[in-house]
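Chemist: everything below, folded, please.
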Amino acid sequence: MAVLSGKLTKKRVETLGAGRHGDGNGLYLVVDPSGARRWIVRVVVKGQKNRRGGPLRTDFGLGSASLVTLNEARERALEYRRMARQGLNPRYNASSEVPSFAEFAQQVHIDRMPTWKNAKHGQQWINTLRDYAFPKIGRMPIDSIGQPEVMMCLAPIWTDKHETAKRLAQRIKVVLDVARSKGFREGENPVTAIKEAGALPKVKARPKHHTALSWRDMPAFYAKLLERDEVAALALRFTCLSAARSGEVLGMRWAEVDMDAGFWTCPAERMKMGVEHRVPLTDEMRAILDALRPLGSEVVFEGQRRHQPLSNMAMAMLLRRMGVTGITVHGFRSTFRDWAAEVAEAPREVAEKCLAHTVGSDVERAYARSDLLEQRRALMHDWSQYVASGRNVGG
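Modeler: Numbering: from 1, shown residues only. Here you go, the predicted structure:
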């Protein structure tokens, strides 16, 4: 095979700064401001016209310069030019090594596995693409995905499944952004272009709130819970008292509990915001823990399997057995929040910290690094006393 030549050298490919650098015969090295380097070739397809009636001039990505050598790029560019001179569009006729959208998306998923909050989240990420993108564009080369192809995926579900469609758009965007950084694509991300053009109709999403028990009814409800001794009832009592999410409570382990210091530390991996959260223990919460410690389990609220927590449906099923309808377990957080505002008149930042919500701007949070543990301890003490105030009513 003849050695192809041009203006670039191996050293220049490695050291040139940001910009588009020509090798000759339509081959260019593109260096992004980030330092990423990729090859493109510009060809004019003989006999074919663009939308304005002029010659069809098209750029094609040849891959990352870290994967494709200078000589390989020249050989591929030559192949593309030969096809173009014959009137063949390289997009549809080249024996390309560009991966398909599905292949590339699956690799992105694998690469990001260590960053997922949990395995379930990672699986949901790829499942969305598998269900709504792969059937339509999965087999297409990653460099051929444009706005029409993205619209094929989004438009059918944009109104009926709007939240899913928004997640799908974001995940397609990530895949195409990574492909561009690897040299398989160039130009603006079509997902961004569709959004900026307003190509999809505006959908007014109605917020779905978890139905909550009124704080006025909390003491009577808690008194009914006290009549039950199953572990699910103890878990639900602790959930009500701590204002924690059900997943945080059900995953609770004894190693996270510091009875001497008087708080439970829920690790970052189990928190929605990915930040460790300390929950002050009240006397009522301590009593629940004291009742469970003799079981000798590694987890606090043990289910049917030894050292394994209750099912995430255990507390919801308990509500059903109790004949309590129209409320959710998660709704007890709203019950606490309403009480904190209407009765305790607690400062907003203290009440929000109890719920492990972020408060204020990034700058405000940078300066307010305290988790307000002692202020929250006082508020949770008052809440606990109120919740348990129906214990002896009518008894």
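
Chemist: for Leu301, give me the pLDDT.
Modeler: Residue 301: Phe, not Leu. pLDDT for Phe301: 95.

Chemist: now swap in the one 4 residues further on and tell me
Modeler: At Arg305, the model reports a pLDDT of 91.

Chemist: again, but for the one 4 residues further on
Modeler: Per-residue confidence at Pro309 stands at 93 (pLDDT).

Chemist: residues contacting it?
Modeler: Neighbour list for Pro309: Leu250, Gly251, Met252, Val299, Phe301, Glu302, Gly303 [criterion: CB atoms under 8 Å, 6 or more residues apart in numbering]. No exception for glycine: its C-beta is placed from N, CA and C like everyone else's.

Chemist: what sits opposite it in the beta ladder?
Modeler: Using DSSP bridges, the bridge partners assigned to Pro309 are Glu302.

Chemist: helix or strand right after the longest helix along the chain?
Modeler: Taking DSSP state H as the assignment, the helix of the chain that covers the most residues is helix 162-181. Helices and strands here follow DSSP states H and E; after helix 162-181, the next one along the chain is helix 190-197.

Chemist: and the contacts of that following helix?
Modeler: Contacts of helix 190-197 (CB under 8 Å, 6+ apart): 145-147, 149-151, 154, 169-170, 172-173, 176, 200.

Chemist: kindly provide the distance from the spatially most central residue of the chain to Val178.
Modeler: By CA atoms, centre = their mean, the mean C-alpha position of the chain lies nearest to His121, the distance being 6.9 Å. Shown here: His121 relative to Val178, a distance of 18 Å by CB to CB, to the nearest Å.

Chemist: repeat for Asp59
Modeler: Taking CB to CB, one finds Asp59 at 20 Å from Val178.

Chemist: one more: Leu16?
Modeler: Taking CB to CB as the measure, Leu16 falls 23 Å from Val178.

Chemist: how about Pro90?
Modeler: When Pro90 is compared with Val178 (using CB to CB), they lie 23 Å apart.

Chemist: more neighbours: which of those two?
Modeler: Pro90 (21 against 18; other CB atoms under 10 Å).

Chemist: so how many other residues sit close to the residue lying closest to that one once chain neighbours are set aside?
Modeler: The shortest distance from Pro90 to any non-neighbouring residue, by CB to CB, 6 or more residues apart in numbering, is to Tyr80 (4.4 Å). Neighbourhood size, Tyr80 [other CB under 10 Å]: 26.
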